[in-house]
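Student: sequence unknown, structure follows:
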């Protein structure tokens, strides 16, 4: 007995999308797509003579990765530093290592800010206590 499975995968690789459709599929606005292009994070697969931008699944995957990296807390500048590593290394190890490095830096910055806030909180409480003691001493007299 032989079982044969036919799998179909619908891809837009051969079907090029204009910027509006592309942006809609990615969950962003055309303005965002243009902005990412201006930063060098994204580029259309092809431009037609009339200036229309065309995109494929390759650019869609790249934009989805950019959005995922933003959700991790990376800035667009940080994403720009990671993107070449992520999209040129098929193992994605270099990109993931760089992301971990960036996230560790964010964590350290957060811990430093928390320590500063704790210090500020302690100073505020000390000032409140001092002023309340002064008020209490004035009302006893």
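Tutor: It's in. These numbers come from a predicted model, not from an experiment. Residues are numbered from 1 along each chain as shown.

Student: residue 102 is in contact with residue 74, isn't it?
Tutor: Yes: with contact defined as Cβ atoms under 8 Å, residue 102 and residue 74 form a contacting pair (6.0 Å). In short, each C-beta sits where N, CA and C put it, glycine included.

Student: strands along the protein, start to end?
Tutor: 17-18, 46-47, 53-55 (DSSP state E).

Student: check which helices and strands the top helix by length along the chain sits against.
Tutor: In the chain, assigned by DSSP state H, the helix with the most residues is helix 93-140. Helices and strands touching helix 93-140, by 3 or more Cβ pairs under 8 Å, 6 or more residues apart in numbering; DSSP states H and E, are helix 76-88.

Student: tell me which residues of the helix it packs on are tucked away?
Tutor: 78, 79, 82, 83, 85, 86 (16 or more other Cβ atoms under 10 Å).

Student: ok, now how distant is residue 127 from residue 43?
Tutor: Using Cβ to Cβ, to the nearest Å, residue 127 is found at 55 Å from residue 43.

Student: those two: who's more crowded?
Tutor: residue 43 (13 against 10; other Cβ atoms under 10 Å).
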